[in-house]
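# Here is my input; please provide its structure:
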Amino acid sequence: MTERAANTSGNRGRDNPKRERPVTLRPMAPIVPPVNVSGRALMVVIAIMSFLCALTLGTVTMVQEKAEAWQGDVSREITIQIKPDDGLDMEAALTEVRNLALSFPGTLSADIVDRAATARLLEPWLGEGFDMDELPVPRLVIVTIDETAPPDFTAIRAQLADAVPAAVLDDHRAWASHLISMARITVLIGVGILALMFATTMLTVIFATRGVMAGNRHIVEVLHFVGAETSFIGAEFQKRFLLIGLKGAAAGGGMAALGFLLLGAWQSNSMATALNDQVTALFGRFTLSGAGYFGIIGIVILISAMTAVTTRLTVIRTIREIDRQRADPSLAEIG
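Numbering: from 1, shown residues only. As a prediction, this is how the structure comes out:
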């Protein structure tokens with residue numbers, strides 16, 4: 001009886017085994033710790049330098065484009081100015097000058113600058129509401145010429161002197177060369193400033209990245225001691241710092257691009273105002289072309305890549321220092 005009870009008890013034990021608890025695996029923590037205070041500081045530094053570099057690049061691009069546009073406008077246009085004189089019918093003189101200019105081969109078009117446009121040109125300096133009849137304001141005829149086969153300026157001047165003695169032809173050659181030279185010098189100065197800014201950005205990013213990596217030296221040592229390969233350690237840190245560099249550079253470049261967009265929108269929304277006319281006359285339009293925006297994107301990519309490469313090289317250098325110190329412990333004491 002006792003033996004049967006024991007067998008029955010054993011069968012129950014085999015039929016109803018204890019239910020094992022399910023094994024729960026902890027989520028694997030990243031090998032490289034997430035962004036800490038030093039990582040955020042590096043991101044801010046990258047954002048600031050990227051913003052300055054992108055801002056400089058955009059400004060240089062705009063200056064270069066404006067210089068090319070000015071050069072093209074100067075070479076395509078001449079101006080005939082008619083000064084007010086006693087007994088001179090200004091409107092009739094403007095029409096006669098326009099027709100005379102169109103009679104020469106090499107002249108494509110001639111447009112009279114009307115009173116409203118003349119008043120708008122003078123508003124930034126004389127203010128609104130002035131009476132043009134009370135001031136000896138000259139009137140203009142803008143003539144577009146063929147750059148490849150320009151008209152005979154000497155012949156035009158001679159006929160203007162006979163037909164309308166108060167008319168003066170300005171072919172802009174006197175100051176066009178100075179303007180072109182100044183524009184080229186300005187572009188060269190801008191390129192030099194851009195090169196200095198870019199070099200400063202690269203050095204700042206390199207030293208800031210190396211400084212942050214110095215705080216992660218213990219992680220590199222642990223991974224190296226447990227047998228992780230140098231390429232694996234470098235790749236892990238490279239991915240982490242590439243993300244940091246990309247976020248910072250994108251933030252800085254995005255702010256610079258947004259600044260150019262806002263300036264362009266402000267100029268577009270404030271058309272036909274004296275302030276806008278004055279700003280446009282002095283600095284031109286604050287519009288950045290596609291080449292400028294692509295340049296900003298290139299800066300973002302380049303700075304991000306520089307951060308990643310610097311991180312990888314720093315990891316390799318750190319591991320070599322660790323190996324040298326293990327081979328010669330006296331080096332660790334000196335360090």
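# Tell me which other helices or strands the lengthiest helix in the chain touches.
Criterion DSSP state H: the longest helix present in the chain is helix 173-214. The helices and strands touching helix 173-214, judged by 3 or more Cβ pairs under 8 Å, 6 or more residues apart in numbering; DSSP states H and E, are helix 37-76, helix 230-269, helix 290-327. All C-beta spots, glycine's among them, are computed from the backbone N, C-alpha and C.
# any idea how far T287 is from R320?
Separation of R320 from T287 (Cβ to Cβ, to the nearest Å): 51 Å.
# Check A257 and give its pLDDT.
What the model reports as pLDDT for A257 is 92.
# so L88 makes contact with A166?
Yes - counting by Cβ atoms under 8 Å, A166 is a contact partner of L88 at 5.9 Å.
# Identify the contacts common to those two.
I82 (Cβ atoms under 8 Å, 6 or more residues apart in numbering).
# Give me the number of neighbouring residues for the nearest residue to G292 once chain neighbours are set aside.
Of all residues not flanking G292 in the chain, T61 sits nearest, at 4.0 Å (Cβ to Cβ, 6 or more residues apart in numbering). A total of 22 residues lie near T61 under the criterion other Cβ atoms under 10 Å.
# need the contact list for T61.
L288, S289, A291, G292, G295.
# Do me a favour and average the pLDDT over the longest helix of the chain.
Mean pLDDT, helix 173-214: 80.
# So what's the gap between that helix and the chain middle?
A distance of 12 Å separates the centroid of the chain from that of helix 173-214, by Cα atoms, centre = their mean, to the nearest Å.
# now do stretch 95-109
43 Å.
# same deal with stretch 151-164?
47 Å.
# can you check stretch 147-158 too?
Using Cα atoms, centre = their mean, the offset of stretch 147-158 from its chain centre is 41 Å.
# can you pull the buried residues of it?
For stretch 147-158, a neighbour-count test (16 or more other Cβ atoms under 10 Å) marks P150, P151, F153, I156 as buried.
# Repeat that for stretch 179-194.
Buried residues in stretch 179-194, counted by 16+ other Cβ under 10 Å: I180, A183, V187, G190, L194.
# Same question for stretch 139-148.
Going by neighbour count (16+ other Cβ under 10 Å), the buried part of stretch 139-148 is R139, L140, V141, V143, I145.
# Would you check that M197 makes contact with G58?
No - using Cβ under 8 Å, M197 is not in contact with G58; the gap is 11.7 Å.
# How about residues contacting stretch 204-212?
Under Cβ under 8 Å, 6+ apart, the answer for stretch 204-212 is 38-39, 41-42, 45-46, 49, 241, 245, 303, 306-307, 310-311, 314.
# between those residues, which is closest to D170?
Nearest to D170 out of those is M49 (Cβ to Cβ; 46.2 Å).
# Make sure L140 is indeed in a strand.
Yes - per DSSP: H, G, I helix; E, B strand; the rest coil, L140 lies within a strand segment.
# picking up where we left off before, any idea which of the buried residues of stretch 147-158 is least confident?
Pick the lowest pLDDT in the buried residues of stretch 147-158 and you get P150, at 85.
# Quick check: that one vs P105, distance?
Remark: distance between P150 and P105 (Cβ to Cβ) = 10 Å.
# give me the number of residues near L203?
There are 11 residues near L203, going by other Cβ under 10 Å.
# ok, now which ones touch the closest residue to T201 other than its chain neighbours?
Nearest non-adjacent residue to T201, counting by Cβ to Cβ, 6+ apart: M49, 4.2 Å away. M49 makes contacts with T200, T201, T204, V205, G252, I303, as judged by Cβ under 8 Å, 6+ apart.
# pLDDT score assigned to M49?
With respect to pLDDT, M49 has a value of 88.
# Closest one to R324 out of the contacts of M49, please.
Using Cβ to Cβ, those come closest to R324 at V205, 27.0 Å.
# Sketch out the low-pLDDT regions of the stretch 1-150 of the chain for me.
Within the stretch 1-150 of the chain, the stretches with pLDDT under 70 are 1-36, 124, 130.
# The closest residue to D171 other than its chain neighbours in helix, strand or coil?
The spatially closest residue to D171, leaving aside those adjacent along the chain, is I78, at 4.7 Å (Cβ to Cβ, 6+ apart). Judged by three-state DSSP, the three-state class of I78 is strand.
# mind giving me the domain ranges of the chain?
37-71+177-324, 76-172 (automatic domain parsing).
# Quick one: end-to-end length of the last one, please.
In terms of Cα to Cα, to the nearest Å, the two terminal residues of domain 76-172 are separated by 10 Å.
# before we move on, what about the first one?
Here the two ends of domain 37-71+177-324 are set 30 Å apart, with distance taken as Cα to Cα.
# State the number of residues packed around the nearest residue to E65 once chain neighbours are set aside.
Among residues not flanking E65 along the chain, S289 sits closest, at 6.1 Å (Cβ to Cβ, 6+ apart). For S289, the neighbour count with other Cβ under 10 Å is 13.
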